[in-house]
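> sequence first, predicted model second:
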Amino acid sequence: MIRINLLNLDNQTVKHSNDDVNYTLKIYDGDHGRLVDIAIDGEPIISGQRLVTQYPLIPYQYLEVGNFIILSEFDSLENAELMYLSVEELKNARQTA
């Protein structure tokens, strides 16, 4: 698991590379809460999805080449942590759940 710092900003873009895969996450405010767009190697896979903390940001296993979870106490980005999990870590987590 890799921890990635988030800023306490309404709108931000986070770029992360791991295992020769480049991720771009755009976190922004929408009409009904915070939203996220995710691109893998420049290819959009998620657009305008509601950001929910404590749950994988990529909701479909078939799109995973890794995944992200935002950990936060109060569903805010203040003091939030973005965690990256590799395919192997996701597999292990699912086997123990």
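Yep, it's here. Numbering: from 1, shown residues only.
> in what helix or strand does residue 88 lie?
helix 87-96 (DSSP states H and E).
> next one: residue 95 relative to residue 79, how far apart?
30 Å (C-beta to C-beta, to the nearest Å). From N, CA and C alone the C-beta is placed, and that goes for glycine too.
> of the two, who's got more company?
With neighbours defined as other C-beta atoms under 10 Å, residue 95 and residue 79 compare such that residue 79 has more, 11 against 7.
> quick revisit: helices or strands up against the helix holding residue 88?
Packed against helix 87-96, as judged by 3 or more C-beta pairs under 8 Å, 6 or more residues apart in numbering; DSSP states H and E, are no other helices or strands.
> gap between it and the chain center?
With C-alpha atoms, centre = their mean, to the nearest Å as the basis, helix 87-96 stands 16 Å off its chain's centre.
> in that helix, what's buried?
For helix 87-96, the buried set under the neighbour-count rule, 16 or more other C-beta atoms under 10 Å, comprises residue 90.
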